[in-house]
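Asker: here is my input; please provide its structure:
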Amino acid sequence: MRTKKQQVREAFMTTLLQIKAIATRSQQTLLQDAAGALALIIMLVVGLHLPAFI
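Answerer: Numbering: from 1, shown residues only. Next up is the predicted model:
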């Protein structure tokens with residue numbers, strides 16, 4: 001019988017393995033995705049600060 005701590009650890013390791021597999025499969029587009037996310041964050045910050053400039 002596994003303890004709760006062991007179950008949580010196994011679930012965490014499974015999650016890490018899935019993230020690693022996804023990153024490996026999408027390695028070519030990972031940089032583009034990061035750049036797109038950064039652009040969205042910049043647009044959000046600029047949009048939120050825009051009323052202060054008017």
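
Asker: ok, and the helix or strand in this structure with the lowest average confidence?
Answerer: When each helix and strand of the chain is scored by mean pLDDT, DSSP states H and E, helix 4-25 comes last, with a mean of 87.

Asker: quick one: that one to chain centroid distance?
Answerer: 15 Å (Cα atoms, centre = their mean, to the nearest Å).

Asker: tell me the helix or strand right after that helix.
Answerer: helix 27-53 (DSSP states H and E).

Asker: by how many degrees do that next one and helix 4-25 diverge?
Answerer: 100 degrees (axes from the mean of the first three to the mean of the last three Cα atoms, to 10 degrees).

Asker: helices or strands next to helix 27-53 in the packing?
Answerer: Applying 3 or more Cβ pairs under 8 Å, 6 or more residues apart in numbering; DSSP states H and E, we find helix 27-53 packed against no helix or strand. All C-beta atoms are positioned from the backbone trio N, CA, C, and that covers glycine.

Asker: what about it, distance to the chain center?
Answerer: With Cα atoms, centre = their mean, you get 14 Å for helix 27-53.

Asker: if you average pLDDT over it, what comes out?
Answerer: Average pLDDT, helix 27-53: 92.

Asker: buried stuff in that helix?
Answerer: For helix 27-53, a neighbour-count test (16 or more other Cβ atoms under 10 Å) marks nothing as buried.

Asker: what are the contacting residues of the least confident helix or strand of the chain?
Answerer: Arg2, Leu30 (Cβ atoms under 8 Å, 6 or more residues apart in numbering).

Asker: give me that answer again for 7 Å
Answerer: If you take Cβ atoms under 7 Å, 6 or more residues apart in numbering as the criterion, helix 4-25 is touched by Leu30.

Asker: report the buried residues of that helix.
Answerer: Neighbour counts over helix 4-25 (16+ other Cβ under 10 Å) mark no residue as buried.

Asker: only C-alpha atoms, please: export that helix in CSV.
Answerer: Output of helix 4-25 as CSV, limited to C-alpha atoms (Å, rounded to 0.1, in the frame of the first residue of the first chain):
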residue,chain,number,x,y,z
LYS,A,4,-0.3,9.7,0.4
LYS,A,5,3.1,11.2,0.0
GLN,A,6,4.2,8.5,-2.4
GLN,A,7,1.1,9.1,-4.5
VAL,A,8,1.7,12.8,-4.6
ARG,A,9,5.3,12.3,-5.6
GLU,A,10,4.3,9.8,-8.4
ALA,A,11,1.7,12.3,-9.7
PHE,A,12,4.3,15.1,-9.7
MET,A,13,6.9,13.0,-11.5
THR,A,14,4.3,12.0,-14.1
THR,A,15,3.5,15.7,-14.6
LEU,A,16,7.2,16.5,-15.0
LEU,A,17,7.6,13.7,-17.5
GLN,A,18,4.7,15.0,-19.6
ILE,A,19,6.1,18.6,-19.6
LYS,A,20,9.5,17.2,-20.7
ALA,A,21,7.9,15.2,-23.5
ILE,A,22,5.9,18.2,-24.7
ALA,A,23,8.9,20.5,-24.6
THR,A,24,10.9,17.9,-26.6
ARG,A,25,8.2,17.5,-29.2
